[in-house]
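Engineer: Fold the following for me, if possible:
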Amino acid sequence: MISLLIVDDHPVVRDGLRGMFGADPRFEVVGEAADGATAITAGEQLRPDVILMDLRMPGTGGVTAIKELAKRGVPARILVLTTYDTDSDVLPAIEAGATGYLLKEAPREELFRAVEAAAQGQAVLSPTVATRLMGQLRQPAADLLSEREIEVLQLIAKGASNRRAAEQLFISQATVKTHLLHVYAKLGVNDRAAAVAAGFAQGYLTL
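Structural biologist: Purely as a prediction, here's the structure:
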């Protein structure tokens with residue numbers, strides 16, 4: 001029997017997962033948590049085989065919780081179960097130590113198989129997430145934004161004009177414009193709004 005800790009800030013989601021897994025003799029739900037901080041404490045105390053971890057929660061988020069659980073030596077395998085599959089969510093979770101990453105829209109049997117695989121230490125990724133990760137691995141290094149380009153993009157995302165960005169970075173407006181043109185080319189976009197959207201999608205910007 002695989003012991004489970006369910007972590008999600010929505011009570012309805014927790015109830016649904018508890019009912020689904022609790023009705024199957026292969027699993028035992030040993031606890032629940034509504035945020036990352038509670039998940040860390042419960043993970044240490046309950047020592048479940050697998051933790052189903054949501055990412056975006058009030059207070060301590062899922063990625064922070066994953067890192068802290070690993071830091072504290074909690075042996076549980078962590079399977080991210082979320083509605084988000086953007087690069088800014090996927091990559092940090094995988095890098096933090098998540099064993100797998102699934103979307104909440106996954107069918108019941110797929111979730112069951114994923115938990116069983118995670119309990120055995122196998123990597124589990126939804127098809128869309130696997131595609132994103134492969135895309136990142138195949139992305140040429142030359143297409144990655146430089147540190148300065150990211151700084152410019154961050155200021156643009158905050159609504160700064162070219163002039164304001166130049167003042168904050170102590171560079172000329174012409175240099176800011178050049179950096180922006182490079183950002184557009186690397187992200188495959190044509191304007192500031194699209195650059196910001198792509199920046200969030202590819203993990204260069206975070207909320």
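
Engineer: Count the neighbours of the nearest residue to Asp9 once chain neighbours are set aside for me.
Structural biologist: Nearest residue to Asp9, sequence neighbours excluded (CB to CB, 6 or more residues apart in numbering): Met57, at 4.2 Å. Where C-beta positions appear, they are placed from N, C-alpha and C, glycine not excepted. For Met57, the neighbour count with other CB atoms under 10 Å is 23.

Engineer: Could you find the closest non-adjacent residue to the residue nearest in space to the middle of the chain?
Structural biologist: The centre of the chain sits closest to Asp89, judged by CA atoms, centre = their mean, with a distance of 2.3 Å. Of all residues not flanking Asp89 in the chain, Leu55 sits nearest, at 5.6 Å (CB to CB, 6+ apart).

Engineer: Roughly how far does that neighbour sit from Gly61?
Structural biologist: 6 Å (CB to CB, to the nearest Å).

Engineer: Compare the two (neighbour count), which wins?
Structural biologist: More crowded of Leu55 and Gly61, by other CB under 10 Å: Leu55, with 24 against 20.

Engineer: That one and Gly36, how far apart?
Structural biologist: In terms of CB to CB, Leu55 sits 9 Å off from Gly36.

Engineer: Now the common contact residues for these two.
Structural biologist: Common neighbours of Leu55 and Gly36 are listed as Gly61, Gly62 (criterion: CB atoms under 8 Å, 6 or more residues apart in numbering).

Engineer: residues in contact with stretch 49-61?
Structural biologist: The contact list for stretch 49-61 (CB under 8 Å, 6+ apart) reads 2-10, 13, 17, 34-37, 39-40, 43, 62-63, 65-66, 68-69, 76-82, 84, 89, 93, 98, 115, 118-119.

Engineer: Sitting in strands, which of the residues you listed do you find?
Structural biologist: Among those, the members falling in strands (DSSP state E) are Ile2, Ser3, Leu4, Leu5, Ile6, Val7, Arg77, Ile78, Leu79, Val80, Leu81, Thr82.
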